[in-house]
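>>> here's my sequence, what's the structure:
(one chain, ligands or ions: 2)
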Amino acid sequence: MRPDIGVLGAGAFGTALAIALAQAGKRVVLWARDVEQAAAMAAARENVARLPGAAFPDGLDVTADVAMAAQAPVLLLAVPTQTLRGLAGAHAAFLADRRLVACCKGVELGTGLLPTQVLGQVIPGAQTAVLTGPSFAADIARGKPTALTLAVEGAGGEALQAALASHNLRLYLAHDVVGAQWGGALKNVIAIAAGVVLGAGFGESARAALMTRGFAEIGRLAQSRGAQAETLWGLSGFGDLVLTCTSDKSRNFRHGQAIGRGEAPDLTQTVEGVMTAHAIAQDADPDMLPVTCMVSALLREQVSLEQAKDLLLSRPLRNERG
Ligand SMILES: NC(=O)C1=CN([C@@H]2O[C@H](COP(=O)(O)OP(=O)(O)OC[C@H]3O[C@@H](n4cnc5c(N)ncnc54)[C@H](OP(=O)(O)O)[C@@H]3O)[C@@H](O)[C@H]2O)C=CC1
Ligand SMILES: O=C(CO)COP(=O)(O)O
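Numbering: from 1, shown residues only. Ligands and ions are numbered 1, 2, ... in the order given. Predicted coordinates:
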């Protein structure tokens, strides 16, 4: 039988979404690129590698055959942002006339493009949407209450909202696809900075300052790229910034925390904020985006932690607004 939803990318997030949707009664096919990983998940009815402890419900099938998942009219793309172009390019024929819901949070290095913009380049005319907002994969998989933004341009938003929402996964519809993606991408950079601040022992007051000034920075950059301010105040911006900057379940936050403590970060994890910081900083004005540029410089070891702190604190005094 034709699935309702295909999920491409069997990492923590793709697996969690597949579990939640199957629990809500949808027929879901989860695609992993690795044949052995797909077989192991199918046998264990669990993604032991990426999301241990979350059992697969009935209605969730696993495959390494992209054609099987792509029978569904709606495909969730849950791979790291830097791999999205490769995924879409390799399977363009299967993706061409499907609703493609980008679930990744980041900016492509080199092009500065958002996920739906990458999809639009690789698959001209692609029907895209964005699912984003504050949610840890483990929470979604365990059926904990979660509210997310589903951003859809043009027609079909309500139908997609109804298809993907469930009792515990509450979806708010938005139409500002660009704004929803900028919020989700940039909060990861600020979360790295928040982790650095706490890891270094600069204190919770400093983190609150950084989150607030970081949010102002997100607003400046995102609005200069076409985002609406109201979108940034919502789940995809403010909501996700709060979650990611305040929880050590966040990989971005933990990455920063390790750097702040002078430890080596875990480079096996997907930490989207690293590439996003570099993608933004490569042609940014440090006066407009001081935190993002400093995070990039710190990650590249162009400045020390003490230098980064002093450089940020010694900037000329300014008005809070503007
Ligand atoms: N985890 C979370 O709580 C949340 C994550 N997100 C976002 O979801 C996206 C994915 O993150 P997450 O699932 O956590 O990452 P993970 O590190 O858990 O998994 C990444 C997955 O992507 C797969 N992958 C990588 N490259 C490709 C490729 N070229 N083709 C196909 N599959 C590929 C990996 O496969 P393999 O194992 O073979 O390498 C792996 O299954 C990120 O943008 C993240 O910001 C959003 C909200 C919450
Ligand atoms: O996007 C997320 C929460 O909304 C997941 O955060 P991390 O990628 O930092 O783990």
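>>> for the residue lying closest to residue 262 once chain neighbours are set aside, give me the pLDDT.
Distances taken as CB to CB, 6 or more residues apart in numbering put residue 305 closest to residue 262, at 7.8 Å, once the chain neighbours are dropped. C-betas here are computed from N, CA, C, even on glycine. With respect to pLDDT, residue 305 scores 98.
>>> helix, strand or coil for the closest residue to residue 250 other than its chain neighbours?
Distances taken as CB to CB, 6+ apart put residue 244 closest to residue 250, at 4.5 Å, once the chain neighbours are dropped. Counting by DSSP: H, G, I helix; E, B strand; the rest coil, the backbone at residue 244 sits in helix.
>>> write out the residues of the stretch 201-322 of the chain neighbouring ligand 1.
The stretch 201-322 of the chain comes close to ligand 1 at residues 270, 272, as judged by CB under 6 Å from any ligand atom.
>>> can you list the residues of the stretch 101-250 of the chain near ligand 2?
105, 134-136, 188, 191, 240, 243-244, 250.
>>> burial of the residue nearest to residue 262, as a residue count?
Other residues within reach of residue 305, judged by other CB atoms under 10 Å, total 17.
>>> compute the number of surrounding residues for the residue in the stretch 151-300 of the chain that ligand 1 sits nearest to.
Proximity to ligand 1, evaluated over the stretch 151-300 of the chain using CB to the nearest ligand atom, is greatest for residue 270 at 3.4 Å. When neighbours are defined as other CB under 10 Å, residue 270 has 18 of them.
>>> OK, contacts around whichever residue of the stretch 101-250 of the chain sits closest to ligand 2?
Distances between the stretch 101-250 of the chain and ligand 2 by CB to the nearest ligand atom are smallest at residue 250, namely 3.5 Å. The contact partners of residue 250, taken as CB atoms under 8 Å, 6 or more residues apart in numbering, are 136, 191, 195, 243-244.
>>> of all the residues you listed, which two lie farthest apart?
For the contacts of residue 250, the farthest-apart pair by CB to CB is 136 and 195; their separation is 15.2 Å.
>>> more crowded one of those two?
Higher neighbour count among residue 136 and residue 195: residue 195, with 28 against 19, using other CB under 10 Å.
>>> picking up where we left off before, just the residues of the stretch 101-250 of the chain next to ligand 2 now: which is nearest residue 145?
Nearest to residue 145 among those, with distances taken as CB to CB, is residue 135, at 10.2 Å.
>>> mind checking what secondary structure that closest one has?
From three-state DSSP, the assignment for residue 135 is coil.
>>> what's the nearest residue to it if we skip its chain neighbours?
Using CB to CB, 6+ apart, the nearest residue to residue 135 is residue 146, at 4.7 Å.
>>> distance of the one you found from residue 53?
Residue 146 sits at a distance of 17 Å from residue 53 (criterion: CB to CB, to the nearest Å).
>>> looking at those two, which one has more neighbours?
residue 146 (19 against 10).
>>> where does the stretch 151-300 of the chain have low pLDDT?
Applying pLDDT under 70 to the stretch 151-300 of the chain flags no residue at all.
>>> among the residues of the stretch 101-250 of the chain next to ligand 2, which one has the most neighbours?
Among these, the one with the most neighbours (other CB under 10 Å) is residue 191, at 33 neighbours.
>>> touching, it and residue 257? I think so.
No - under the criterion of CB atoms under 8 Å, residue 191 makes no contact with residue 257, lying 9.9 Å away.
>>> for ligand 1, what's its nearest residue on this structure.
residue 11 (1.9 Å).
>>> about what we covered before: correct me if wrong: the residue nearest to residue 262 contacts residue 256.
No - contact criterion CB under 8 Å: residue 305 and residue 256 do not qualify, at 10.6 Å.
>>> identify the contacts common to those two.
residue 196.
>>> just the strands in the protein please.
5-8, 28-31, 46-47, 51-55, 60-63, 74-77, 99-102, 127-132, 146-151, 169-174 (DSSP state E).
>>> for residue 180, find the nearest of these.
Comparing those by their distance to residue 180 (CB to CB), the top pick is strand 146-151, with 3.8 Å.
>>> can you report how many residues neighbour residue 93?
Neighbours of residue 93 using other CB under 10 Å come to 11.
>>> still on that earlier bit, nearest residue to the residue of the chain closest to ligand 1 other than its sequence neighbours?
Nearest non-adjacent residue to residue 11, counting by CB to CB, 6+ apart: residue 50, 5.1 Å away.
>>> so who does that neighbour touch?
By CB under 8 Å, 6+ apart, the residues touching residue 50 are 10-12, 15.
>>> which two among these are spaced furthest apart?
Within the contacts of residue 50, 10 and 12 form the most distant pair, 9.1 Å apart (CB to CB).
>>> higher neighbour count, these two?
Taking neighbours as other CB under 10 Å, residue 10 and residue 12 compare with residue 10 leading, 26 against 23.
>>> thought the more buried one was touching residue 32?
Yes - using CB under 8 Å, residue 10 is in contact with residue 32, at 3.6 Å.
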